[in-house]
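Peer 1: model this:
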Amino acid sequence: MRKEITFKSGEKEINAYIATPEAKGAYPGLVLIHEIWGLTEHIKDVANRYADQGFFVLAPDILSDTGISEKMSPTLSKDLFNPEKRHEAQARMRAVVQPISTKEFSEDALKKLVSSVDYLLQQKGCTGNVGVLGFCFGGTYSFHLAVNEKRLKACVTFYGQPPQPLDLVEKISCPVLSFYGEKDENLMKSLPQLEEAMKRYNKNFTYKVYENTGHAFFNDTNEFAYNKEAAEDAWKTSLAFLRKNLGK
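Peer 2: Next up is the predicted model:
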């Protein structure tokens, strides 16, 4: 099954994409959280890839009722990674995403993600073991969901911001795997403090940093950011981690 659906989060209807293995049976569930660009064809393709590997994938559109997705464009995405156009693109980007910086947005996004876990656990095709995986914006909210959702069995973050304050990691109850690009300066600055907090609270936390690699290295639709070698290694590593913690 590969199709767009809607499901309930409180009184709201949430748009989502669902991808499941072709063979009948029960499979581990995976909440897949998109980048700031929303539920793009790239994210649907990633959902399909994980489904092909034996996961029941739900990719909710966290931005579907915000109006932000309509203001995004492939051109803006590429310009952010183009040294010649980055400065102007960053100004445009700040204006577009300003609404997501509020406490109200964060609380609403978390509700949608908890409802995503609810949805997977209600499906006969899901084993009951559910993890979360996200990219950038989605990586940040993967951390956020892990802090607030005890039912998760695994959390994978691709270049996501750590929880703030860092002591929130004490609430995480599942193993966490994170991926970073060496040239992603802001996240590299915060990584030592994140690692120290995870150790302080005795959390199961592992990470990989890819040399000569920047932000968004997994996105093969972004010619400026994509790093084939790093993406392929992160793909294999994430699969092994998810299979270990969610089952096959």
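Peer 1: Which strands and helices lie in contact with the top strand by length along the chain?
Peer 2: Across the chain, the longest stretch assigned as strand under DSSP state E is strand 126-135. On a contact count with 3 or more Cβ pairs under 8 Å, 6 or more residues apart in numbering; DSSP states H and E, strand 126-135 meets strand 27-33, helix 103-121, helix 137-148, strand 152-158, helix 228-246. Using the backbone N, CA and C atoms, a C-beta is placed for each residue, glycine as well.
Peer 1: Can you list the helices and strands that the second one packs against?
Peer 2: This means helix 103-121. Using 3+ Cβ pairs under 8 Å, 6+ apart as the test, helix 103-121 ends up in contact with strand 2-9, strand 12-19, strand 27-33, strand 56-60, strand 126-135, helix 137-148.
Peer 1: Adding mean neighbour count, mean pLDDT and distance to Q161, write these out as TSV.
Peer 2: Output for the helices and strands packed on helix 103-121, formatted as TSV (neighbours: other Cβ atoms under 10 Å; pLDDT from 0 to 100; distance: least, Cβ to Cβ, whole Å):
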stretch	mean neighbour count	mean pLDDT	distance to Q161
strand 2-9	14	95	23
strand 12-19	20	95	23
strand 27-33	27	98	13
strand 56-60	27	98	19
strand 126-135	24	98	11
helix 137-148	23	97	4
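Peer 1: Would you format those as JSON lines with distance to Y180 included?
Peer 2: Shown next, in JSON lines, are the helices and strands packed on helix 103-121 (distance: least, Cβ to Cβ, whole Å):
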{"stretch": "strand 2-9", "distance to Y180": "30"}
{"stretch": "strand 12-19", "distance to Y180": "26"}
{"stretch": "strand 27-33", "distance to Y180": "17"}
{"stretch": "strand 56-60", "distance to Y180": "22"}
{"stretch": "strand 126-135", "distance to Y180": "12"}
{"stretch": "helix 137-148", "distance to Y180": "10"}
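Peer 1: now the longest strand of the chain: how far from the chain's centre is it?
Peer 2: 11 Å (Cα atoms, centre = their mean, to the nearest Å).
Peer 1: How about stretch 194-206?
Peer 2: Centre to centre, stretch against its chain (Cα atoms, centre = their mean), the figure for stretch 194-206 is 20 Å.
Peer 1: list the buried ones in that stretch?
Peer 2: Neighbour-count burial for stretch 194-206, counted by 16 or more other Cβ atoms under 10 Å, picks out 194-195, 197-198, 203, 205.
Peer 1: Let me know the closest of those residues to Y27.
Peer 2: F205 (25.7 Å; Cβ to Cβ).
Peer 1: wait, what's in contact with the spatially most central residue of the chain?
Peer 2: Geometric centre of the chain, nearest residue: G134, 0.9 Å, by Cα atoms, centre = their mean. By Cβ atoms under 8 Å, 6 or more residues apart in numbering, the contact set of G134 is 32-34, 140-142, 156-158, 160.
Peer 1: coming back round to it: so which of the buried residues of stretch 194-206 are in helices?
Peer 2: Using DSSP state H, the subset of the buried residues of stretch 194-206 located in helices is 194-195, 197-198.
Peer 1: May I see those residues arranged in TSV, with distance to E13 as well?
Peer 2: TSV is the format used below for those (distance: Cβ to Cβ, whole Å):
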residue	distance to E13
L194	35
E195	40
A197	37
M198	36
